[in-house]
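# the following comprises the amino acid sequence and a computationally predicted model.
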Amino acid sequence: MDETNEVLRKAPLFEALDEEGAAALRASVSEVRLGRGQTLFSEGDEGDRLYVILSGKVKLTRTAVDGRENLLSVLGPSEMFGELSLFDPRPRTASAVAVTDAVLAGLGHDDLRPFIAGQPQVALQLLKALATRMRRTNDVMSDLVFTDVPGRVAKALLDLADRFGKEGEDGLHVHHDLTQEELAQLVGASRETVNKALAEFALRGWLRIEAKAVVLLDIERMRRRAR
């Protein structure tokens with residue numbers, strides 16, 4: 001329980017609260033467990049709650065008319081999603097699928113709205129989280145236009161490293177848990193093109209490729225390539 005509370009405290013929803021307020025909000029939390037590959041909700045579903053990831057990873061995706069899938073983001077512990085429907089009750093704009101086994105904290109909007117009315121700082125934190133996501137979306141759109149695929153691959157790996165990376169003796173280990181196809185969807189390119197960029201980085205000694213992971217060996221070079 002202490003570990004769960006610690007993860008929740010880092011989430012935008014709980015950051016602005018004192019211990020008493022956080023405890024009151026935690027009382028409304030319901031735990032959700034997902035197996036790897038299990039869908040939490042689908043694009044077009046009615047949205048009635050938001051979620052904070054306690055453990056594991058969840059991907060948010062959208063599907064084109066022709067069936068192609070776009071991976072919007074990969075989220076991990078303390079990250080929140082589903083909050084858009086709190087302010088806009090229209091259907092979900094993306095699907096949420098577990099990349100690994102995952103445990104989530106779910107908060108129903110009917111429980112959250114009265115709480116927000118008495119704690120306006122919570123609403124500000126939620127809006128700040130939405131603004132951050134909007135900025136990230138704008139960056140992604142800009143990269144698709146102005147940055148080549150190797151640059152986008154480098155930037156995506158650095159972003160994953162910021163959130164999931166762990167320092168090791170031989171470099172920064174990034175267990176992203178994504179398949180080659182999912183990594184390509186995240187970058188917005190074909191799997192072949194992304195694999196070619198990864199092979200080039202490995203050949204230059206910037207990283208080492210492992211199963212659903214990479215080890216970043218030269219982060220500065222990767223940052224330069226991401227620019």
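That came in fine, so what should we check first?

# what mean pLDDT does the lengthiest helix in the chain have?
The longest helix of the chain (DSSP state H) is helix 120-146. Averaging pLDDT along helix 120-146 gives 80.

# so where do the strands sit in this structure?
Here the chain has its strands, by DSSP state E, at 30-34, 39-41, 49-55, 58-63, 69-75, 80-81, 95-98, 102-108, 165-168, 171-174, 207-210, 213-216.

# so which elements touch the last one?
Counting contacts by 3 or more C-beta pairs under 8 Å, 6 or more residues apart in numbering; DSSP states H and E, the secondary-structure elements packed against strand 213-216 are helix 149-164, strand 171-174, strand 207-210. Where C-beta positions appear, they are placed from N, C-alpha and C, glycine not excepted.

# spatially central residue for the chain, please.
L75 (2.2 Å; C-alpha atoms, centre = their mean).

# any idea how far it lies from L86?
Separation of L75 from L86 (C-beta to C-beta, to the nearest Å): 17 Å.

# run a quick neighbour tally on the residue lying closest to G47 once chain neighbours are set aside.
Using C-beta to C-beta, 6 or more residues apart in numbering and skipping residues adjacent in sequence, the residue nearest G47 is S85, 2.8 Å away. Using other C-beta atoms under 10 Å, the number of residues around S85 comes to 19.

# is it true that S85 touches L107?
No - look at S85 against L107 with C-beta atoms under 8 Å: they stay out of range, at 11.6 Å.

# okay, and the common contacts of these two?
L50 (C-beta atoms under 8 Å, 6 or more residues apart in numbering).
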